[in-house]
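Undergrad: Okay, sequence plus prediction incoming.
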Amino acid sequence: MNKTLTTAIAAAFVGLAGVASAATVTIATINNPDMIELQKLSKTFEQANPDIQLRWVTLEENVLRQRVTTDIATGSGQFDLMTIGAYEAPIWAAKNWLTPLDMPANYDVNDVIKTVRDGLSLKGKLYAVPFYAESSMTYYRKDLFDAKGLKMPEQPTWTDIQGFAEKLTDKAAGVYGICLRGQAGWGENMALVGTMVNTYGGRWFDQSWKPTIDTPEWKKAVTTYVDILGKYGPPGASANGFNENLVLFGSGKCAMWVDATVAAGMLYNGKESKVADKVAFAAAPQGTSPKGAHWLWMWSLAVPKSSKNQAAAQKFAAWATSKEYIALVAKDKGWASVPSGTRESTYANPEYQKAAPFASFVLSAINTANPTDATVQKVPYIGVQFATIPEFQSIGTVVGQNVAGALTGKLTIDQALKNSQASTERAMKQAGYLK
């Protein structure tokens, strides 16, 4: 065999080996605008790391939670990187389902906001890195308020919100007084309703782990929620989650919206929002107490122990949550649209402060949401809008379905609460919390 042919064959084998050795990182993520931007910009990572290929599995929020929970609990290894939150990270870490993350020195872990970092850690070890973090806040249309001579207080109550919603509803013009999450799910409607329960003095469990859902505090919270959204919200509200309400408010269909602080960057972006020059904001509403009125959440990237490509998955997670990635989004979409709530350096950046009038407000909301002191009465669990126990995912989903039933009129509020109390008591007995 001549030398030229031998060299060509050798080169071909080297090429094949290079293709075969490329690690494919399969990423389970949510279908929201920030994550779609990440998919778009991830080509930059792939170009710089030709030995790593990314495969995206993009899902609706409730479906994502079901899929990643099933995958990690069974150890099937379908995903190398999972988009999870403040609820899953400490629970799954304790079960030894997640790989502790060892970020490179230039990642600057201490730049990650402490409340966020703590929420994703267990016993001092980081088990997920935040893509963005959020609390909750009230968005409103200042032009519609001005036209009616209304003034939003810096700290509104739910009574204020209900009064404003009544005055601002103009169904003939296609404008609804308020948009709120109506879609059933522990992380959808119950994220909001959970904060309402807190601020009206309620809690999920007493100190003995007995459910406390069929109580006056819960009834006040759920009644307020159903009244406001049922009377002044858009039709079909029980199908609306974060994404649907983002579209409704951004297209001018809602006078108010109480939801995640992460939406601020989207609503203030004139390329994405028709109301960018009309939107204003205030704190999340309170009931009878300031306790637990605004939530704390992080959409984060975690590497399951079952991943076959752990080093490559960690490398991408570090890039996707880095200062460099934030600068890349700023270049592509503007500083107002960068992932929020994660890094002190973002909030210290004059360009971000200039582009994002909500910056200091959001940072304060995240820093003051306290998962260890979110209820008026003492509780045995940690969490603002959820209880950090493994059973909560199914409990919260069932309760969310009952609350959605009350919103649509399929159940009375009393029935929804009694059903929720009974199903939660059964779940807690089966799990061994109650005898």
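TA: It's in.
Undergrad: could you pull out the helices for the stretch 301-435 of the chain?
TA: With helices called from DSSP state H, counting those that start in this stretch, the stretch 301-435 of the chain shows them at 310-320, 323-333, 344-348, 350-355, 359-368, 392-408, 413-430.
Undergrad: Please produce a markdown table containing the ones you listed, extended by distance to residue 50, mean neighbour count and mean pLDDT.
TA: No exception for glycine: its C-beta is placed from N, CA and C like everyone else's. Formatted as a markdown table, the helices of the stretch 301-435 of the chain follow (distance: least, CB to CB, whole Å; neighbours: other CB atoms under 10 Å; pLDDT from 0 to 100):
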| stretch | distance to residue 50 | mean neighbour count | mean pLDDT |
| --- | --- | --- | --- |
| helix 310-320 | 12 | 21 | 98 |
| helix 323-333 | 18 | 17 | 97 |
| helix 344-348 | 29 | 16 | 97 |
| helix 350-355 | 32 | 14 | 96 |
| helix 359-368 | 37 | 18 | 96 |
| helix 392-408 | 38 | 22 | 98 |
| helix 413-430 | 49 | 17 | 98 |
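Undergrad: looking at these, which is closest to residue 34?
TA: Closest to residue 34 of the helices of the stretch 301-435 of the chain, according to CB to CB: helix 323-333, at 8.5 Å.
Undergrad: Show residues contacting that closest one.
TA: Helix 323-333 is contacted from outside by 37-38, 40-41, 44, 108, 111, 269, 271, 319, 337-339, 343, 345-346, 351-352, using CB atoms under 8 Å, 6 or more residues apart in numbering.
Undergrad: List buried residues within those.
TA: 37-38, 41, 269, 319, 337-339, 343, 346, 352 (16 or more other CB atoms under 10 Å).
Undergrad: Pick out whichever of those sits closest to residue 200.
TA: For these, the nearest to residue 200 is residue 339 (32.3 Å; CB to CB).
Undergrad: which residues touch that closest one?
TA: Residue 339 neighbours (CB under 8 Å, 6+ apart): 34, 131-132, 321, 325-326, 329.
Undergrad: In stretch 32-48, which residues are buried?
TA: 32-35, 37-38, 41-42, 45.
Undergrad: Please flag which of these sit within helices.
TA: Cross-referencing the buried residues of stretch 32-48 against helices under DSSP state H gives 33-35, 37-38, 41-42, 45.
Undergrad: mind checking how far the residue lying closest to residue 45 once chain neighbours are set aside is from residue 107?
TA: Spatial nearest neighbour of residue 45, excluding adjacent residues (CB to CB, 6 or more residues apart in numbering): residue 319 at 5.2 Å. Distance from residue 319 to residue 107, counting by CB to CB, to the nearest Å: 9 Å.
Undergrad: go on, residue 99?
TA: In this structure, residue 99 and residue 107 are 16 Å apart, going by CB to CB.
Undergrad: and if you look at residue 247?
TA: For residue 247, the distance to residue 107 - CB to CB - is 34 Å.
Undergrad: need the helices of the stretch 301-435 of the chain in JSON lines with distance to residue 232, can you?
TA: Shown next, in JSON lines, are the helices of the stretch 301-435 of the chain (distance: least, CB to CB, whole Å):
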{"stretch": "helix 310-320", "distance to residue 232": "39"}
{"stretch": "helix 323-333", "distance to residue 232": "33"}
{"stretch": "helix 344-348", "distance to residue 232": "34"}
{"stretch": "helix 350-355", "distance to residue 232": "32"}
{"stretch": "helix 359-368", "distance to residue 232": "24"}
{"stretch": "helix 392-408", "distance to residue 232": "13"}
{"stretch": "helix 413-430", "distance to residue 232": "17"}
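Undergrad: what residue ranges in the protein score low on pLDDT?
TA: For the chain, the stretches with pLDDT under 70 are 1-21.
Undergrad: Mark out where each domain of it begins and ends.
TA: Using automatic domain parsing, the domain ranges for the chain come out as 3-134+297-356, 136-295+371-430.
Undergrad: Of all those, which one is nearest residue 364?
TA: Ranking the domains of the chain by distance to residue 364, with CB to CB as the measure, places domain 136-295+371-430 first at 9.2 Å.
Undergrad: Let's see the distance spanning that closest one from one end to the other.
TA: In domain 136-295+371-430, first residue to last residue: 33 Å (CA to CA, to the nearest Å).
Undergrad: what distance separates that domain from the middle of the whole chain?
TA: Its chain's C-alpha centre and that of domain 136-295+371-430 lie 14 Å apart, by CA atoms, centre = their mean, to the nearest Å.
Undergrad: With only the CA atoms kept, save stretch 160-171 in CSV.
TA: The C-alpha coordinates for stretch 160-171 follow below in CSV (Å, rounded to 0.1, in the frame of the first residue of the first chain):
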residue,chain,number,x,y,z
ASP,A,160,-56.6,47.2,46.5
ILE,A,161,-56.0,44.8,43.6
GLN,A,162,-59.6,43.7,43.6
GLY,A,163,-60.9,47.2,43.6
PHE,A,164,-58.5,48.2,40.7
ALA,A,165,-59.4,45.2,38.7
GLU,A,166,-63.1,46.0,38.9
LYS,A,167,-62.6,49.6,37.7
LEU,A,168,-60.1,48.7,34.9
THR,A,169,-62.0,45.8,33.3
ASP,A,170,-63.2,46.9,29.9
LYS,A,171,-64.3,43.7,28.1
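Undergrad: need the strands for the protein, in chain order.
TA: Applying DSSP state E to the chain gives strands spanning 23-30, 52-59, 81-84, 121-122, 125-126, 129-134, 136-141, 256-260, 279-283, 297-302.
Undergrad: out of the ones you listed, nearest to residue 224?
TA: strand 256-260 (11.8 Å).
Undergrad: Tell me the helices and strands packed up against that closest one.
TA: If contacts are counted by 3 or more CB pairs under 8 Å, 6 or more residues apart in numbering; DSSP states H and E, strand 256-260 sits against strand 136-141, helix 158-168, helix 242-250.
Undergrad: For stretch 263-271, buried residues please.
TA: For stretch 263-271, the neighbour count (16+ other CB under 10 Å) marks 263-269 as buried.
Undergrad: Ok, stretch 299-308 next?
TA: For stretch 299-308, a neighbour-count test (16+ other CB under 10 Å) marks 299-304, 306-307 as buried.
Undergrad: now swap in stretch 378-386 and tell me
TA: 379, 381-386.
Undergrad: before we move on, what about stretch 215-231?
TA: Applying 16+ other CB under 10 Å to stretch 215-231 flags 215, 217-222, 224-226, 228-229 as buried.
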